[in-house]
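Peer 1: I'd like to go over a predicted model; first the sequence, then the structure.
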Amino acid sequence: MDILYLLIPLAVVLMVVAVAGLMWAIRNGQFEDMEGPAHRILMDDDDPRIPGRRPGGEGGEAPGKEGTARPEEGKGARGA
């Protein structure tokens, strides 16, 4: 029974800390927009990654592929 003299005040202190944390989150706007992040992940506004097209609508290689060579097109034939 003596442990209750420790556990009850400890539980009250823990509850006060939890309520203070909740009040801080509410005042700082943590719960303002609950649906925005859920909808934002569904709205993909990136350019589609289609091989052979550039983001500007021009033809050619895919973005980031300029200046890269395939291994068989390297610095020349070996042993020739």
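Peer 2: In hand now; what should we look at?
Peer 1: state whether A38 is indeed within a strand.
Peer 2: No - going by DSSP: H, G, I helix; E, B strand; the rest coil, the assignment for A38 is helix, not a strand.
Peer 1: pLDDT score for it?
Peer 2: Listed pLDDT for A38 reads 78.
Peer 1: residues near A25, how many?
Peer 2: 11 (other Cβ atoms under 10 Å). C-beta here means a position set from N, CA and C on the backbone, and glycine is covered the same way.
Peer 1: could I get the average pLDDT for the longest helix seen in the chain?
Peer 2: Secondary structure of the chain per DSSP state H: the longest helix is helix 4-27. Helix 4-27 shows a mean pLDDT of 97 in the predicted model.
Peer 1: P9: how many residues sit nearby?
Peer 2: 10.
Peer 1: returning to what we had before: and for the longest helix of the chain, what's in contact with it?
Peer 2: Contact with helix 4-27 is made by F31, as judged by Cβ atoms under 8 Å, 6 or more residues apart in numbering.
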